[in-house]
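Peer 1: A predicted structure for the sequence below; I have some questions about it.
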Amino acid sequence: MKKIAILGSGSGSNMQAIADAIAAGSLEAEIIYVGCDIEGAYIFERAEKFGLPCELIDCHGFKQKFPQEAQAALAQKLKNMGVDLICLAGFMRLVGQPLLDHFPNRILNIHPSLLPAYPGLHAWEQAITDGATESGCTVHYVDAGMDTGEIIAQAKVPVVIGDTAKSLHTRIQEEERKLYPLVVGQVLGS
Ligand code: GRF
């Protein structure tokens with residue numbers, strides 16, 4: 001059974017989608033680690049419901065940076081646990097060399113835009129401001145850049161008249177929760 005680690009910073013709806021797919025038997029894998037860098041984030045509660053203890057990732061007091069030592073410690077831990085694939089699910093820190101070196105082409109991310117359009121924060125707001133007529137989400141391999149790694153799959157949604165940033169984000173997230181488990185299965189070859 002392939003082993004997945006999930007890293008998040010927020011509500012954990014993508015973590016839940018992956019856990020739901022496993023529970024439903026549509027994804028053959030096992031989540032063996034959930035980590036979050038933000039104390040009290042909702043992902044802790046969601047993980048708990050699946051009997052998955054969520055670990056607080058110690059980022060040494062840094063607000064945005066993912067310190068090299070913290071990455072190295074996490075990489076070593078996940079390696080020792082036998083993790084096959086790391087899924088970033090709303091994780092808000094840039095992953096760098098310590099993790100990338102240990103898990104080459106084995107770290108995925110989901111981003112709420114049709115990359116390469118709108119990398120970075122609040123992609124759905126940028127789509128609305130730009131007057132885009134469609135948006136969506138992208139699952140990609142993680143490299144050292146911000147949302148720049150090789151694209152694996154995308155799902156499109158329309159931007160409709162009267163959309164707000166919030167309504168568009170909700171529509172995108174519905175697609176994220178379908179796409180991510182599918183792509184995880186594809187990458188794991190299950
Ligand atoms: C998702 O919209 C994802 O695309 C972005 O962060 C959000 C995380 O949501 N990277 P959740 O924590 O999985 O609910």
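Peer 2: Thanks, I have the structure now.

Peer 1: chain center to stretch 56-73: distance?
Peer 2: When C-alpha coordinates are averaged (Cα atoms, centre = their mean, to the nearest Å), stretch 56-73 and its chain have centres 17 Å apart.

Peer 1: for the record, mean pLDDT for that stretch?
Peer 2: Averaged over stretch 56-73, pLDDT sits at 93.

Peer 1: next, the distance between the ends of that stretch.
Peer 2: Using Cα to Cα, to the nearest Å, one end of stretch 56-73 lies 13 Å from the other.

Peer 1: again with stretch 148-166
Peer 2: Using Cα to Cα, first and last residues of stretch 148-166 are 25 Å apart.

Peer 1: residues of stretch 140-156 that come out buried?
Peer 2: Residues of stretch 140-156 classed as buried: His140, Tyr141, Val142, Asp143, Asp147, Gly149, Ile152, Gln154, Ala155 (neighbour count, 16 or more other Cβ atoms under 10 Å). Using the backbone N, CA and C atoms, a C-beta is placed for each residue, glycine as well.

Peer 1: max pairwise distance over those residues: which two?
Peer 2: Using Cβ to Cβ, the buried residues of stretch 140-156 reach their maximum pairwise distance at Asp143 and Ala155, which is 21.4 Å.

Peer 1: and the helices in the chain?
Peer 2: Ranges of helices within the chain are 13-24, 42-49, 68-81, 97-102, 123-130, 165-188, based on DSSP state H.

Peer 1: quick one: low-confidence ranges for the protein?
Peer 2: Along the chain, segments meeting pLDDT under 70 span 190.

Peer 1: so who does the residue of the chain found nearest the ligand touch?
Peer 2: At 2.5 Å from the ligand, Gly90 is the closest residue in the chain, using Cβ to the nearest ligand atom. Applying Cβ atoms under 8 Å, 6 or more residues apart in numbering, we find Gly90 in contact with Gly8, Ser9, Gly10, Ser11, Gly12, Ser13, Asn14, Ile43, Ile110.

Peer 1: the fourth one contacts Ala41, correct?
Peer 2: Yes: at 7.3 Å, Ser11 and Ala41 qualify as touching, with contact defined as Cβ atoms under 8 Å.
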